[in-house]
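1. below are the sequence and a predicted model for it; my questions follow.
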4 protein chains.
Amino acid sequence: MPAPQHAQPRTARGARTRAALVRGAREVFERDGLVNARIADIAAAAGVATGSFYSYFATKEDALAAVLDDVTDEMLHPQVREAPDPDAGPLASIEAANRAYLLAYRRNAKLMALMDQVFTVDPDFKQQRLRRARAFARRNAASIRRLQEEGLADPALDPLAAAYAMDAMVSRMASLVFVGGHRMGFEELVATLTRLWANALRIPAA
Amino acid sequence: MPAPQHAQPRTARGARTRAALVRGAREVFERDGLVNARIADIAAAAGVATGSFYSYFATKEDALAAVLDDVTDEMLHPQVREAPDPDAGPLASIEAANRAYLLAYRRNAKLMALMDQVFTVDPDFKQQRLRRARAFARRNAASIRRLQEEGLADPALDPLAAAYAMDAMVSRMASLVFVGGHRMGFEELVATLTRLWANALRIPAA
Amino acid sequence: MPAPQHAQPRTARGARTRAALVRGAREVFERDGLVNARIADIAAAAGVATGSFYSYFATKEDALAAVLDDVTDEMLHPQVREAPDPDAGPLASIEAANRAYLLAYRRNAKLMALMDQVFTVDPDFKQQRLRRARAFARRNAASIRRLQEEGLADPALDPLAAAYAMDAMVSRMASLVFVGGHRMGFEELVATLTRLWANALRIPAA
Amino acid sequence: MPAPQHAQPRTARGARTRAALVRGAREVFERDGLVNARIADIAAAAGVATGSFYSYFATKEDALAAVLDDVTDEMLHPQVREAPDPDAGPLASIEAANRAYLLAYRRNAKLMALMDQVFTVDPDFKQQRLRRARAFARRNAASIRRLQEEGLADPALDPLAAAYAMDAMVSRMASLVFVGGHRMGFEELVATLTRLWANALRIPAA
DNA sequence: TATGAATGAGCCTTCATTCAT
DNA sequence: CATGAATGAAGGCTCATTCAT
């Protein structure tokens, strides 16, 4: 009897409400985490009634997934102000990429922490985690493959496997510093990760 | 504010009960995670009454901290069956260390997932996370320093910073594979991480 | 800290539920006292679910405060059946007032006992107690001042201080008899208190 | 099978333990009130094990009764430094008695509040309250009777009833000021109560 | 007597979800 | 679509009391 819920909004008003809920959810999740976030608070932060939440999301996790998808998109496609000079050599490219990632991580630290949390717990989030990791790894694997073809990177490495590992190194360090509070200067962090990344791939020094 | 509860046991009997509770907690946490674990279940698993839990722990988190401390100890001080041949060269040592770590991680995957979860969420766990990371990093930093002194590792690297980064790479990959379910063979994982580790430090091939 | 609960009802339906809860609370508090009253019982007496209690009250004490406010209002503004004859002289007025108070006290003895209890214990109730005492004292102080001006009462007395003391005498005796079970006939109680009150103010005999 | 418990101590050691428990109970009751006082805290304050409490008291109320009996004794038989001059006239005697009572009340305010609380709640304490009230009233009734015989007090008053009422006035005012926090200077309190008392009995001015 | 660990019934409180308006 | 009051299962936590040592 009940109409199918949680559908995409069909009216402009509905779209606005849904967007407000996502904004509200982000605000509340950042402040309270997944477990302590309450549907009522999310609705309140969105300026709508509690019941309205269920017109757009089936569960809290649903709403979080929407928020996290947004963040992943933001981090994968950063608004690049100045594209790295392609002629500056691979080292400069790696540094630029790491810097951009770390800045984005720092900016979204609360949500990244949340991501780590739910990725390891809720089975429904596992797929999202793997998708996210794959997206980053594929992008980096392409770079590595290119460098290998140019004779600038260790040809013995599997590009995809190496990309996963490098991403692992960077994201875990970002977590340790920006979420865990490990004391390390931002520039030192960029420099260390970039050098290790370059070494690991056996990229010749500029 | 009244009387302090959850004290250390003052009796042999109390020590036994506390130990049973830690065992019970480990069992339940591995099965249900932090949020879904119920105090009553932990007590039941330990074979004691619900109220007894509170004689030794103030909260569920308290009990988890005790469990995780145990696991960290186990992973830091593995019961080495066959010590790695010190003459086999640094590469063999690195591989042996990585293999041991990854095996331990896989064995304790459930708890490691839990660790990731609470480390990023509960402020009270942050310190524990940093302590754990520092313990691993210091141990590895010592190895790196030794290799540098022998002229076998990139002298430009800060040993401690590099150690943190290498540990980050390995632990995050372990999480991705053993917790996240990323498809990757165990031997390939060991080989990839070992090669990248060696490359990153510029350890000459054997 | 999150969302503020226990707000004022924003709906007619909400107002009805709140009123039902106050009625239910009165019933349960009269029967069981503060400590032994259970939230679940109050909700049941009001015909609502347990959780609904918390939509309107933060604590049991909160609900009791609402009940006691009602009772104080009832006792301060009794539904006077026959107004005392103003020409019957001050003694008759005092007797009528005392009789009305004692009747009301006896009628609400259970709640008055509860009032005494919580007034002396819970710091949050202290203000309520002082407010109640002040309300009674001010009303009586006005009478005393009028009598002094007419030359019918000891001019050396501070009207407000005397009013507090007279109220203290009457209310404590009411407690002793109607709550404590001290054996004393109602008419003897009225007569004794009235005579002492008149003497204390040096009101000349009619 | 179990031996009769809560008996009077039969050994010197037992007497010492019991005394320590009463002291501890007084300390805890003053701090936490009846409901929030925990047996374990009382035992701790007495420096004994929890279980020992039950060797001397059946319940928390039992222990409180012992404490309150002590206080009542203290207040009925104050350590008079300077006996009131019997020739100074009845007014001076009344003032001295009121002053002594109010000082004692103020000194034991916490326990007096507790007394008010439990007297109105626990049926087992009602008898204790009536006994206490009777003890005070009888003492004062004797004075009133004497004054009546000397033609110095209203002969129409029933001495005992009047004594109860005067005690009620004084004790309630003491509660209002020293427990409730009603603002009133100590000397003004003494003066007001003494004058009203004297008026009420129609004691001629000195 | 003294000890203090163990017990477990009992109540409070939360909050996702529903549904009448 | 929006509202927000109502629901009630579920579990955390306390603490008086017991009892083996």
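-> Great, that's in hand.
2. kindly report the residues of chain A close to chain C.
-> A:32, A:38, A:40-41, A:44 (Cβ under 8 Å from any Cβ of the partner chain). No exception for glycine: its C-beta is placed from N, CA and C like everyone else's.
3. recalculate using a threshold of 6 Å.
-> When proximity is defined by Cβ under 6 Å from any Cβ of the partner chain, chain A lies next to chain C at A:40-41, A:44.
4. what about chain A, any weak spots by pLDDT?
-> A:1-7, A:10, A:78-87, A:206 (pLDDT under 70).
5. which residues of chain A fall in helices?
-> A:12-36, A:39-46, A:60-76, A:90-107, A:109-121, A:123-149, A:159-174, A:186-201 (DSSP state H).
6. need the winner for burial among the ones you listed.
-> Ranked by mean neighbour count, the helices of chain A are led by helix A:159-174 with a mean of 25 (mean count of other Cβ atoms under 10 Å in any protein chain shown).
7. next, name the residue at the spatial heart of chain A.
-> Centroid-nearest residue in chain A: A:T72, 3.8 Å away (criterion: Cα atoms, centre = their mean).
8. still on that earlier bit, quick check: which of the helices of chain A is nearest to B:F119?
-> helix A:109-121 (8.2 Å; Cβ to Cβ).
9. quick one: is that closest one near chain B?
-> Yes - on the criterion Cβ under 6 Å from any Cβ, helix A:109-121 is in touch with chain B at A:113, A:116-117, A:120-121.
10. show me chain A divided up by domain.
-> A:12-58, A:69-201 (automatic domain parsing).
11. out of these, nearest to C:E61?
-> domain A:12-58 (24.2 Å).
12. contact residues of chain A facing DNA strand F?
-> A:9-11, A:13-14, A:17, A:48-52, A:55 (Cβ under 7 Å from any atom of the strand).
13. closest to chain D among these?
-> Nearest to chain D, judged by Cβ to the nearest Cβ, of these is A:T50 at 35.8 Å.
14. now do the contacts for that closest one.
-> A:40, A:43 (Cβ atoms under 6 Å, 6 or more residues apart in numbering or on different chains).
15. again, 8 Å this time
-> A:39-40, A:43-44 (Cβ atoms under 8 Å, 6 or more residues apart in numbering or on different chains).
16. between those, which sits nearest chain D?
-> A:A40 (31.9 Å).
17. tell me how far the residue lying closest to that closest one once chain neighbours are set aside lies from DNA strand E.
-> Once flanking residues are discounted, A:A40 sits nearest to A:T50: 5.0 Å by Cβ to Cβ, 6 or more residues apart in numbering or on different chains. Counting by Cβ to the nearest atom of the strand, to the nearest Å, the separation of A:T50 from DNA strand E is 5 Å.
18. what's the closest of the residues of helix A:109-121 next to chain B to A:A97?
-> Closest to A:A97, out of all of these and judged by Cβ to Cβ, is A:D116, at 20.8 Å.
19. what's the farthest-apart pair in the residues of chain A next to DNA strand F?
-> Most distant of those, by Cβ to Cβ, are A:R10 and A:T50, 21.6 Å apart.
20. restrict the contacts of A:T50 to those near DNA strand E?
-> A:39-40.
21. and the contacts of A:T50 as CSV, adding distance to C:R195?
-> Formatted as CSV, those follow (distance: Cβ to Cβ, whole Å):
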residue, distance to C:R195
A:I39, 66
A:A40, 61
A:A43, 65
A:A44, 62
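22. ok, the contacts of A:T50 vs DNA strand E, which is closest?
-> A:I39 (3.4 Å; Cβ to the nearest atom of the strand).
23. wait, what's in contact with the closest one?
-> A:50, A:53, A:60.
24. what's the neighbour count on the second one?
-> Residue crowding around A:F53 was assessed by other Cβ atoms under 10 Å in any protein chain shown; the count is 24.
25. kindly report the same for A:G47.
-> Counted with other Cβ under 10 Å, A:G47 comes out at 12.
26. distance-wise, check the closest residue in space to it that isn't next to it in sequence relative to A:A58.
-> Among residues not flanking A:G47 along the chain, A:A20 sits closest, at 6.2 Å (Cβ to Cβ, 6+ apart). Per Cβ to Cβ, to the nearest Å, A:A20 is found 18 Å from A:A58.
27. ok, A:L147 next?
-> 45 Å.
28. quick one: contacts for the residue nearest to A:A25 when sequence neighbours are not counted?
-> Spatial nearest neighbour of A:A25, excluding adjacent residues (Cβ to Cβ, 6+ apart): A:A63 at 4.4 Å. For A:A63, the contacting residues are A:21-22, A:25, A:42, A:53, A:57, by Cβ under 8 Å, 6+ apart.
29. now do A:L160
-> Counted by Cβ under 8 Å, 6+ apart, A:L160 has contacts A:137-138, A:141.
30. switch to 10 Å and redo it
-> A:134, A:137-138, A:140-142, A:144-145, B:184, B:192 (Cβ atoms under 10 Å, 6 or more residues apart in numbering or on different chains).
31. A:A153 too?
-> A:90, A:143-147, A:159, A:162, A:198, A:200-204, B:199.
32. ok, it to A:P9 distance?
-> Distance from A:A153 to A:P9, by Cβ to Cβ: 47 Å.
33. also A:A43?
-> Taking Cβ to Cβ, one finds A:A43 at 16 Å from A:P9.
34. with A:A40 instead?
-> Taking Cβ to Cβ, one finds A:A40 at 21 Å from A:P9.
35. then A:R16?
-> Taken as Cβ to Cβ, the span from A:R16 to A:P9 is 8 Å.
36. got it, and A:V179?
-> The value you get for A:V179 to A:P9, if Cβ to Cβ is used, is 34 Å.
37. tell me which of those two has more neighbours.
-> A:V179 (23 against 14).
38. not counting its neighbours along the chain, what's nearest the more buried one?
-> A:V179 sits nearest to A:A113 (Cβ to Cβ, 6+ apart), 4.4 Å away.
39. I'd say the one you found and A:S175 touch.
-> Yes - using Cβ atoms under 10 Å, A:A113 is in contact with A:S175, at 7.3 Å.
40. overlap in contacts of the two?
-> B:119-120.
41. quick check: the nearest residue to A:L21 once chain neighbours are set aside vs chain B, distance?
-> Spatial nearest neighbour of A:L21, excluding adjacent residues (Cβ to Cβ, 6+ apart): A:A46 at 4.5 Å. Distance, A:A46 to chain B, by Cβ to the nearest Cβ, to the nearest Å: 23 Å.
42. quick one: residues contacting A:A46.
-> Per Cβ under 10 Å, 6+ apart, neighbours of A:A46: A:17-25, A:27-28, A:52-53, A:56.
43. could you do A:L34 as well?
-> A:L34 touches A:28, A:60-61, A:63-64, A:114, A:117-118, A:121-122, A:125, B:35, B:117, B:121, counting by Cβ under 10 Å, 6+ apart.
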